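Novice: need coordinates for the below:
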Amino acid sequence: MTKPDDFDLQAFLPYLLNQAAEEASLGFQKIYKDRYGLLRSEWRVLFHLGIFGRLTATEIGAKGKVHKTKVSRAVQRLADRRLVKRARSEEDRRVEWLELTPTGEKVYLDLREVAQDYESSFSIQLNDAELQTLKGILLRLAGRSSSGTTIQR
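Specialist: Prediction:
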């Protein structure tokens with residue numbers, strides 16, 4: 001007979017963080033998927049371009065911590081749907097600049113509002129102090145400060 005393992009998976013921090021992230025994202029995923037047929041990587045690309053403006057796929061991958069192949073596939077699908085436009089750099093032909101099209105901008109603005117409402121309804125489980133503490137801790141664990149700058153480790 002084997003001895004029971006005393007490792008508590010339910011209390012393992014990386015597991016808990018993943019479980020919380022999945023729970024938090026499932027409701028929002030249903031909205032962007034049902035409303036616009038977007039995948040997770042696509043809404044992340046869309047939001048990065050909506051927030052930061054013109055970027056390269058490499059910049060999006062670095063900012064969003066998304067693997068380059070996922071960004072590339074997302075960009076292709078968004079471009080096929082005319083939500084993102086691509087333009088080769090005149091200075092370096094290897095660089096491709098990405099921007100939202102007017103339709104992409106409308107989708108972004110709609111989903112941004114939905115995201116804000118979703119966060120509010122999801123966050124209702126916490127009081128203001130708990131929410132600010134949680135966000136601060138998560139930013140630190142993600143390697144960013146509350147101002148959005150990267151923390152050197």
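
Novice: what residues of stretch 84-102 count as buried?
Specialist: Neighbour-count burial for stretch 84-102, with 16 or more other Cβ atoms under 10 Å as criterion, is recorded at 84-85, 97-98, 100-101. Using the backbone N, CA and C atoms, a C-beta is placed for each residue, glycine as well.

Novice: okay, helices next: where are they in the chain?
Specialist: 13-36, 40-52, 57-64, 68-80, 102-123, 128-141 (DSSP state H).

Novice: what's in contact with the fifth one?
Specialist: Contacts to helix 102-123, defined as Cβ atoms under 8 Å, 6 or more residues apart in numbering, come from residues 24, 27-28, 31-32, 35-36, 43, 46-47, 49-50, 78, 82-84, 100, 131.

Novice: now, of these, which are buried?
Specialist: Judged by neighbour count, with 16+ other Cβ under 10 Å as the criterion, the buried members of the contacts of helix 102-123 are 28, 31-32, 43, 46-47, 49-50, 78, 83-84, 100.

Novice: just the closest of those to Gln19, please.
Specialist: Sorting the buried ones among the contacts of helix 102-123 by how near they are to Gln19, with Cβ to Cβ, puts Phe28 at the top with 15.9 Å.

Novice: alpha carbons of stretch 39-55, as PDB, please.
Specialist: Output in PDB follows, covering the C-alpha atoms of stretch 39-55 (Å, rounded to 0.1, in the frame of the first residue of the first chain):
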ATOM      1  CA  LEU A  39      -9.800  33.800 -29.000                       C
ATOM      2  CA  ARG A  40      -7.900  34.800 -25.900                       C
ATOM      3  CA  SER A  41      -4.700  35.700 -27.800                       C
ATOM      4  CA  GLU A  42      -6.800  37.800 -30.200                       C
ATOM      5  CA  TRP A  43      -8.500  39.900 -27.600                       C
ATOM      6  CA  ARG A  44      -5.100  40.500 -26.000                       C
ATOM      7  CA  VAL A  45      -3.600  41.700 -29.200                       C
ATOM      8  CA  LEU A  46      -6.600  43.900 -29.800                       C
ATOM      9  CA  PHE A  47      -6.300  45.400 -26.400                       C
ATOM     10  CA  HIS A  48      -2.600  46.100 -26.700                       C
ATOM     11  CA  LEU A  49      -3.100  47.900 -30.000                       C
ATOM     12  CA  GLY A  50      -6.200  49.800 -28.500                       C
ATOM     13  CA  ILE A  51      -4.200  50.900 -25.500                       C
ATOM     14  CA  PHE A  52      -0.700  51.500 -26.900                       C
ATOM     15  CA  GLY A  53      -1.500  52.300 -30.600                       C
ATOM     16  CA  ARG A  54       0.900  51.200 -33.300                       C
ATOM     17  CA  LEU A  55       3.100  48.200 -32.200                       C
END
